[in-house]
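**Student:** Prediction below, plus the sequence it came from.
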Amino acid sequence: MTLPDNAREIRLASRPEGFPTPGNFDLVEVPVPAIGAGQLLVRNVVMSVDPYMRGRMNEGRSYTPPFELGKALDGGAVGEVVASEADGFAVGDTVLHGLGWRDYAAVDASTAVKVDPEVAPPGAYLGVLGMPGMTAYAGLLEVAAFREGDVVFVSGAAGAVGQVAGQVARLRGAKRVIGSAGSADKVKYLVEELGFDAAFNYKDGPVAELLAQAAPDGIDVYFDNVGGEHLEAAIDAFTMHGRAALCGSISNYNTTSPTGVRNLGLAVGKRLSLRGFIVGDHEHLRADFVREVGGWIAEGKLRYQETVTEGLERAPEAFIGMLRGENTGKALVTL
Ligand code: NAP
């Protein structure tokens, strides 16, 4: 294959304050990177835009280091190996790796995982069969210690993680699965296509009231993608010994005045477990996840959507759109 003279990458031009804008990003032409021993040259075909990237655009360390100003962003991507200086990888292989936001990446082979585009389309390895799917599986089953017969509430339910979390609960024998999302179409998708028992649009009123209507007998498990008002409503709705997997708090990612949770005192009397987690700590579940979720997809029991934006130059738009709720299911960018 002939390589182009130049490649493109997207850099962080400035740190967003509140909601990111296109001006926070720069699209820059760069030489196609050279590779050394142990490396692969990968032509990316699809990349992920994820909520956690917003945190990395801020200054200061969280559980991952911040993106550097003037440097290319990075994140999950799947691409085709076009040159290899590493044993075990050949030209034509498809690999999952961490250098998205660019057309061509020089990837250390030690950080690349071969995936089979015949088994699932490349984007699935960034979504339902990738990090978000694994987050849903580990968060629900291990962190929230889901048990058959539980009433489960999932926020951000029509997103990449949420759409899997709710269906895993249903397929593992939840008594009732309730979802919240930010539009009437998403609510319809949850109930009519994914088999949620009830769902509501959190923009229709106070979340505590909407949740109380959808779960009149309370909830046993809460899968929290949103934080803030949603978490407060879940604490109100919890039965005794309720369990929450604290996965993310997107309602506070783009605001300079975060909302707090005012009713934590209820956690004492209700003997609640509210447990934060990071998916990378649950790698021991990967084989079970691939077998069980992969099996459900193959059998048509677990469904999913993706929202695909075409073109690296539109990746900032796709990222901002995802933060605004314009995606249903996994937000991806094809290159
Ligand atoms: P996603 O749900 O596909 O996309 C983000 C969604 O968040 C949007 O579509 C939007 O949907 C919703 N949202 C945006 N602002 C909101 C607000 N103010 N209130 C309520 N919902 C809002 O993203 P994802 O990749 O599946 O991630 C979901 C959550 O999981 C995020 O909090 C993320 O940080 C977290 N996460 C954690 C881990 C971990 O290891 N702990 C791993 C992956 C992801 P609506 O239309 O419904 O508003």
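**Tutor:** That came in fine, so what should we check first?
**Student:** list the contacts for Tyr304?
**Tutor:** Counting by C-beta atoms under 8 Å, 6 or more residues apart in numbering, Tyr304 makes contact with Gly127, Val128, Gln163, Val164, Ile297, Gly329, Lys330. Bear in mind the C-beta positions are built from the backbone N, C-alpha and C, glycine included.
**Student:** Then Gly195?
**Tutor:** Going by C-beta under 8 Å, 6+ apart, Gly195 touches Gln167, Arg170, Val177.
**Student:** ok, 7 Å please
**Tutor:** Listed by C-beta atoms under 7 Å, 6 or more residues apart in numbering, the contact partners of Gly195 are Gln167, Arg170.
**Student:** secondary structure element for the residue most central in space within the chain?
**Tutor:** Centroid-nearest residue in the chain, with C-alpha atoms, centre = their mean: Pro132, separated by 4.1 Å. Using DSSP states H and E, Pro132 maps to helix 131-138.
**Student:** Let's see the distance spanning stretch 268-285 from one end to the other.
**Tutor:** Chord length of stretch 268-285, first to last residue, is 31 Å (C-alpha to C-alpha, to the nearest Å).
**Student:** in it, what counts as buried?
**Tutor:** Buried positions in stretch 268-285, judged by neighbour count with 16 or more other C-beta atoms under 10 Å: Lys270, Leu272, Ser273, Leu274, Phe277, Val279, His282.
**Student:** which among those are in contact with the ligand?
**Tutor:** Taking C-beta under 6 Å from any ligand atom as the test, the ligand is in contact with Phe277, Val279 out of those.
**Student:** any idea which of the buried residues of stretch 268-285 is closest to the ligand?
**Tutor:** Val279 (3.6 Å; C-beta to the nearest ligand atom).
**Student:** With Val46 as the reference, measure out to the closest one.
**Tutor:** 20 Å (C-beta to C-beta, to the nearest Å).
**Student:** Where does Phe153 sit: helix, strand or coil?
**Tutor:** Put simply, Phe153 is strand when judged by DSSP: H, G, I helix; E, B strand; the rest coil.
**Student:** Up against the ligand, what does the stretch 51-200 of the chain have?
**Tutor:** 51-52, 132, 135, 156, 158-162, 181-183, 186.
**Student:** can you check the stretch 201-335 of the chain too?
**Tutor:** Neighbours of the ligand within the stretch 201-335 of the chain, by C-beta under 6 Å from any ligand atom: 225-226, 247-248, 250-251, 277-279, 322-323, 325, 327, 331.
**Student:** Let me have the contacts of Tyr304 in TSV, adding neighbour count as columns.
**Tutor:** TSV is the format used below for the contacts of Tyr304 (neighbours: other C-beta atoms under 10 Å):
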residue	neighbour count
Gly127	26
Val128	28
Gln163	33
Val164	34
Ile297	19
Gly329	24
Lys330	28
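**Student:** contacting residues for Ser36?
**Tutor:** Quick fix: residue 36 reads Gly, not Ser. Glu85.
**Student:** just checking, what packs against the helix or strand encompassing Asp220?
**Tutor:** Asp220 is part of strand 219-224 when elements are defined by DSSP H and E. Under the contact criterion of 3 or more C-beta pairs under 7 Å, 6 or more residues apart in numbering; DSSP states H and E, strand 219-224 touches strand 151-154, helix 228-237, strand 238-246.
**Student:** Let me see the mean pLDDT of the helix or strand harbouring Asp288.
**Tutor:** Per DSSP H and E, Asp288 falls inside helix 286-298. Taken as a whole, helix 286-298 has an average pLDDT of 97.
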